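Visitor: With the input below, show me the fold.
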Amino acid sequence: MNNPQIITDIVRQAAAKARQEVMNEPEPALTGKLEWPVSCTVGPGLEGAIACETKIGYVNGTRGSLIYRGYDLFDLCAEATFEEVSFLLLHGNLPTRNELDTLSRHLQDYRFIPRTLRLIMGFPVQDMIPMAALRMGTNLMRQFQTERDQMSMAGSGGRQIASDEDSHSMETVPRGDQKAVFEFQERDANRPDPARIERAQAEAHGIGSCYHLIAGVASLTAAIARLRGGRLPIEPHPELGHAGNLLYMMTGKRPEPVEERVMDICLTLHADHGMNASTFAAMVVASTLSDIYFSVGAGIAALNGPLHGGANEAVIHTLREIGSPDGVAEWYRNARANKSKIMGFGHRVYKAYDPRARVLGPLAEYLVERSGREDMRRLLATAKELESRVVSELGEKKGIFPNVDFYSGIVYSCLGIAPDMFTPIFAVSRVSGWTARVLEYLKANRIFRPRAIYVGALDRPFQPLAERG
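Guide: This next block holds a predicted model:
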């Protein structure tokens, strides 16, 4: 029961089922080289807008597939680790053994954030929502990693952008440096000299800070979980990988191989997913040439919303509210009558079964059976009954199927994780995608500046204060 190969087999079976049911043909309108400017149909919330080109990830919503850098998600879940996937997203290729060893050493070093943890323990974390604490912790971590906030940087010899891009019309090519300057190098113990800052700005890559965030956000999440439970944070285990350390630092118990493997797959499943709200938020902040820590902080803030990362927690509460499979029919009937949103179903992009849910569903079944817990069996049975009713009524007709949030909460619960920590774990994974997308966009940066259509009044006469009723 502790053989990780069992988990790989489950993923392979899910992949085979998915490929049998759908064809993975690319969508011509969303693949291939662009010739700017482009024409597209845009809906409210920028739905359908084309903002940039990318080589990082592709969501085929019609066929229900997800690709990272050309690799099918099912193959990555079955064969790769989250560390390999993070390297792939950031660098464009799967790592060699030497590259993977180097990345693992970096992550191992960067998981130790004692000064940040000391600072965050000075705040009432137990009274804060976890995502607020995580966003604050990321900003605190930033203070020990960048030089941007120090007074010594003010007026230094480093090159600055020559003009405010937002002051120019969208039809005008912005002036300033020929390529984006986006410096977030590691800080030295001593005061930096202008020449070193100049070199760092010229390089403008900051991959070390991306590694720092991937490792540090995991350590922060684990520390927040423990502080909220009235326990002190614990240091990472040198013999465990990223997923294993996340579980270990959260629970204080070294995870079994199967648990570590499942968590690793969960992180891979959530690592990137197109131009979603949190990724877009991170990219918008980065496009102003702010730094990667503020960009990730924006992603965390966007992910907090119940329509984005918070849905997995809402699913668990819904299933517990329903209580048992016998209560599904009445609950579902009332939800449909009241036109209530059923959390964990449907997706803005997918009109087919979410490939991530295809993996998480069988993993949830395996972990529930393995746990032997009657409460989890009841929760899973309720979920399966609810899925059956929703899909039978809305699946074929409206393309509404379970999404990534529907089963992930059950998986996390079986791993001993409290519901209020589900969304922070989402952030632990998505940091890889956020940082990769930011670095890619900055290679041909253009500050985001959409327009709004004004629908208010025009030419209103001004009334002096004394004449206003």
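Visitor: Show me the shaky parts of the stretch 51-200 of the chain.
Guide: 145-200 (pLDDT under 70).
Visitor: Helices along that one, start to end?
Guide: In the stretch 51-200 of the chain, the helices defined using DSSP state H, counting those that start in this stretch lie at 73-79, 82-91, 97-110, 114-120, 130-143, 194-203.
Visitor: So which of those helices is nearest Ile224?
Guide: helix 130-143 (4.8 Å; Cβ to Cβ). The C-beta positions use only the backbone N, C-alpha and C, and glycine is treated the same way.
Visitor: chain center to the closest one, what's the gap?
Guide: 15 Å (Cα atoms, centre = their mean, to the nearest Å).
Visitor: Show me what that helix is packed up against.
Guide: Packing partners of helix 130-143 (3 or more Cβ pairs under 8 Å, 6 or more residues apart in numbering; DSSP states H and E): helix 114-120, helix 207-228, helix 292-303, helix 422-442.
Visitor: one step back: relative to Trp36, which of the helices of the stretch 51-200 of the chain is closest?
Guide: That would be helix 82-91 among the helices of the stretch 51-200 of the chain, by Cβ to Cβ, at 24.5 Å.
Visitor: Would you format the helices and strands packed on helix 130-143 as TSV with mean neighbour count included?
Guide: Conversion of the helices and strands packed on helix 130-143 to TSV gives the following (neighbours: other Cβ atoms under 10 Å):
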stretch	mean neighbour count
helix 114-120	17
helix 207-228	24
helix 292-303	25
helix 422-442	26
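Visitor: closest one to Met275 among the ones you listed?
Guide: Using Cβ to Cβ, the nearest of those to Met275 is helix 422-442, at 8.2 Å.
Visitor: Please export the C-alpha coordinates of the closest one as PDB.
Guide: The C-alpha trace of helix 422-442 is given here as PDB (Å, rounded to 0.1, in the frame of the first residue of the first chain):
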ATOM      1  CA  PHE A 422      -6.300  24.200   0.500                       C
ATOM      2  CA  THR A 423      -5.900  27.500  -1.300                       C
ATOM      3  CA  PRO A 424      -2.400  28.300   0.000                       C
ATOM      4  CA  ILE A 425      -1.400  24.900  -1.300                       C
ATOM      5  CA  PHE A 426      -2.800  25.900  -4.700                       C
ATOM      6  CA  ALA A 427      -0.400  29.000  -4.400                       C
ATOM      7  CA  VAL A 428       2.500  26.700  -3.500                       C
ATOM      8  CA  SER A 429       2.100  25.000  -6.800                       C
ATOM      9  CA  ARG A 430       1.100  28.000  -9.000                       C
ATOM     10  CA  VAL A 431       4.200  30.000  -8.100                       C
ATOM     11  CA  SER A 432       6.100  28.000 -10.700                       C
ATOM     12  CA  GLY A 433       3.600  29.100 -13.400                       C
ATOM     13  CA  TRP A 434       3.400  32.700 -12.200                       C
ATOM     14  CA  THR A 435       7.200  33.200 -12.200                       C
ATOM     15  CA  ALA A 436       7.600  31.400 -15.600                       C
ATOM     16  CA  ARG A 437       4.900  33.500 -17.200                       C
ATOM     17  CA  VAL A 438       6.300  36.700 -15.800                       C
ATOM     18  CA  LEU A 439       9.800  36.000 -17.000                       C
ATOM     19  CA  GLU A 440       8.500  35.100 -20.500                       C
ATOM     20  CA  TYR A 441       6.400  38.200 -20.800                       C
ATOM     21  CA  LEU A 442       9.200  40.500 -19.800                       C
END
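Visitor: what helices or strands is that helix leaning on?
Guide: Using 3+ Cβ pairs under 8 Å, 6+ apart: helix 422-442 touches helix 82-91, helix 130-143, helix 207-228, helix 257-269, helix 277-287, helix 292-303, helix 311-322, helix 404-414.
Visitor: Other residues contacting the fourth one?
Guide: Contacts of helix 257-269 with the rest of the structure, by Cβ atoms under 8 Å, 6 or more residues apart in numbering, involve 1-4, 6-8, 11, 73, 76-77, 80-82, 85, 240-244, 246-247, 255, 356, 359-360, 363, 367, 370, 404, 408, 411-412, 415, 425, 428-429.
Visitor: Could you tell me the average pLDDT over it, please?
Guide: Averaged over helix 257-269, pLDDT sits at 97.
Visitor: between it and helix 82-91, how many degrees?
Guide: 20 degrees (axes from the mean of the first three to the mean of the last three Cα atoms, to 10 degrees).
Visitor: now swap in the longest one and tell me
Guide: Comparing the axes of helix 207-228 and helix 82-91 via the same axes, to 10 degrees yields an angle of 140 degrees.
Visitor: buried stuff in the helix or strand that helix 207-228 is followed by?
Guide: Heading C-terminal from helix 207-228, the first helix or strand you meet, by DSSP states H and E, is helix 242-251. Using 16 or more other Cβ atoms under 10 Å as the test for burial, helix 242-251 gives His242, Ala243, Gly244, Asn245, Leu246, Leu247, Tyr248, Met249, Met250, Thr251.
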